[in-house]
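Q: Quick check, what structure comes out for this input:
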Amino acid sequence: MPQTASARLTPTTLLLLLIPPLMWAGNAVVGRLMQGVVPPVTLNFLRWVLAFAILLPMAAWVLRPGSGMWPHWRRFALLGLLGVGMYNSLQYMALKTSTPLNVTLVASSIPVWMLIMGRVFYGVPISRRAALGAFMSLCGVVVVIARGDPAGLLAVQLVPGDLLVLMAALAWAWYSWLLARPPAHEPTAIKADWAAFLLAQMVFGLVWSAAFTAGEWLTLPARPAGDSAIQWGWPLVAGLVFVAVGPSLLAYRSWGAAVARVGPATASVFSNLTPLFAALMSATLLREPPQLYHLAGFVLIVGGILVSSRR
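A: Now for the predicted structure:
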């Protein structure tokens, strides 16, 4: 008989489950620290350039004409747009006006948007329990966006970062559905190799990200002569190395291995540790302690996801 998910939570599996939310929380905190050091969309582009260079020796074969990637370039171009070009660019832009805790809390509502998107675009039915869970999670998002102040919500006092991270959550929900519903003719060799599958997305994602970066630089305000928009130095180098290796590669690989061991339902529960880790890191590194409304939003979002995923 196959083992249950709980029986398979060995120390190695627990480590694989804890690495992704820790890296994702660190990504939000580093993105906040990089404000004023490098423009946000440029940060995303540099991150993926470095990650591409690290991953290339492991999966360079996917770039060859006969690898199977090029006949399916439209799929990989769309995955690259959503997962590489848009998601983290929007998150880094959101961190200009929002805190890492706010960003990770709103982003943790992604399973709810997946539920709604699955019903609207893929015809997947929503049970009453799932609908209740979705409502709870959306209430949690509203609490965080309103910062616990109903009057603020009625006055629609939103910061741009809240809207940007909502757009990022929608982009990732669509990206996740594209992964969950692959075409029958997707190249088997690429699908079976995590490095090749990620590199195929990066190839096109870097093109999108380069285009977005060019647009960002065209709209940057004029600066005095000799004053660069990028503050080159060890803080930027350290931040780039972290976001390229940790959230981009280590978290991706650990998440895939963990889901293979315990399944997506159990893994999704651990992903909700991201706001908790972000709160601890923000209080320590940014001196941005969590507020009571963060706790209320966290309880509603995680509670809603748990209600939705229970059998």
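Q: how much space between residue 103 and residue 262?
A: To residue 262, residue 103 is 26 Å away according to C-beta to C-beta, to the nearest Å. C-beta coordinates here come from the backbone N, C-alpha and C atoms, glycine included.
Q: who's more crowded, the two?
A: Applying other C-beta atoms under 10 Å to residue 103 and residue 262 shows that residue 103 carries more neighbours, namely 31 against 23.
Q: got the contact list for the more buried one?
A: Going by C-beta atoms under 8 Å, 6 or more residues apart in numbering, residue 103 touches 28, 91, 94-95, 161, 165, 278.
Q: Could you provide these in CSV, with additional columns for neighbour count?
A: Shown next, in CSV, are those (neighbours: other C-beta atoms under 10 Å):
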residue, neighbour count
28, 30
91, 29
94, 29
95, 26
161, 21
165, 27
278, 32
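Q: Identify the farthest-apart pair in these.
A: Within the contacts of residue 103, 161 and 278 form the most distant pair, 13.9 Å apart (C-beta to C-beta).
Q: Lowest-scoring secondary structure element of this structure by mean pLDDT?
A: helix 150-154 (a mean of 59; mean pLDDT, DSSP states H and E).
Q: Show the subsequent helix or strand relative to that one.
A: As assigned by DSSP states H and E, the chain's next helix or strand after helix 150-154 is helix 160-180.
Q: Now do the helix or strand following that following helix: everything it contacts.
A: With elements assigned by DSSP H and E, the helix or strand that comes after helix 160-180 is helix 188-192. For helix 188-192, contacts defined as C-beta under 8 Å, 6+ apart pick out 62, 67-69, 182, 196-197, 200.
Q: Generate a PyMOL selection restricted to the buried entries among those.
A: Selection of the buried residues among the contacts of helix 188-192 in PyMOL, burial being defined by 16 or more other C-beta atoms under 10 Å:
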select buried, resi 62+67+68+69+196+197+200
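Q: Is it possible to get a markdown table of the contacts of helix 188-192 that adds secondary structure, pLDDT and distance to residue 294?
A: Output for the contacts of helix 188-192, formatted as a markdown table (DSSP: H, G, I helix; E, B strand; the rest coil; pLDDT from 0 to 100; distance: C-beta to C-beta, whole Å):
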| residue | secondary structure | pLDDT | distance to residue 294 |
| --- | --- | --- | --- |
| 62 | helix | 95 | 41 |
| 67 | coil | 90 | 46 |
| 68 | coil | 91 | 45 |
| 69 | coil | 94 | 42 |
| 182 | coil | 85 | 36 |
| 196 | helix | 94 | 39 |
| 197 | helix | 92 | 35 |
| 200 | helix | 95 | 38 |
